[in-house]
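Participant: here is my input, please return the structure:
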Amino acid sequence: MKKLLCLLLLCGTVSGAKARPVRELATPEVLPLALSDGFEFRKVKTFLNDPAFFKPAANDMIQFRRLQADFGAVTKFDRQQRRGHYYTFFWRADRPASLTVRFEYRQANLGAYVLAKEVEYSEAKGSHRTHFEVTGDDYRTDGRVTQWRALLVESGKIVGLTQSYLWN
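Facilitator: Presented below is the predicted three-dimensional model:
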């Protein structure tokens, strides 16, 4: 009963959130670095939804996250489309600014080729959360995400940055 209640509360919270369109970039351009103390990434949550890499769940929270990722998938095809990497970035802006959150990543089958996705925020101030997914056909054909970085971009300059350990 507790699990069902938690699931209902979580689904209600997610559906009430404002979804912003994610734009995929064919060729991401290189941007100059101009880091600012007024913008920062606070936390990063990553999740890989692929049964081939699952270890036995150590606790109920891990099992719940797996069930949440597949929630609503009825057919085998639906479940396959939800396999992949999920990233949630928590960030903060101290002053109002038109920002773009860019997620750049490399995948196992593509080598050093960099892919990117962006979400735009106009007049962003305060704490925000941005969600990116590398799932479905992209994950199945190009493989696991091996390296990633997230950028806060203002006026064509990088003002905030976080990255995986392997990013070079």
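
Participant: going forward, measure contacts between C-alpha atoms and count neighbours the same way
Facilitator: Noted.

Participant: ok, the closest residue to residue 145 other than its chain neighbours - how many residues close by?
Facilitator: Distances taken as Cα to Cα, 6 or more residues apart in numbering put residue 107 closest to residue 145, at 4.3 Å, once the chain neighbours are dropped. Neighbour count for residue 107, taken as other Cα atoms under 10 Å: 21.

Participant: try residue 131
Facilitator: Neighbour number of residue 131 under other Cα under 10 Å is 18.

Participant: and residue 36, by the same measure?
Facilitator: Around residue 36 there are 12 other residues, counting by other Cα under 10 Å.

Participant: that one should be in a strand, yeah?
Facilitator: No. Using DSSP: H, G, I helix; E, B strand; the rest coil, the secondary structure at residue 36 is coil, not a strand.

Participant: okay, it: pLDDT?
Facilitator: The model reports residue 36 with a pLDDT of 91.

Participant: how about the strands in the chain?
Facilitator: 23-25, 39-49, 84-107, 115-135, 145-154, 157-163 (DSSP state E).

Participant: redo these as a markdown table? Include mean pLDDT.
Facilitator: Formatted as a markdown table, the strands of the chain follow (pLDDT from 0 to 100):
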| stretch | mean pLDDT |
| --- | --- |
| strand 23-25 | 89 |
| strand 39-49 | 95 |
| strand 84-107 | 96 |
| strand 115-135 | 95 |
| strand 145-154 | 96 |
| strand 157-163 | 96 |
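
Participant: in a markdown table, list those along with distance to residue 69.
Facilitator: Formatted as a markdown table, the strands of the chain follow (distance: least, Cα to Cα, whole Å):
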| stretch | distance to residue 69 |
| --- | --- |
| strand 23-25 | 21 |
| strand 39-49 | 7 |
| strand 84-107 | 9 |
| strand 115-135 | 11 |
| strand 145-154 | 17 |
| strand 157-163 | 23 |
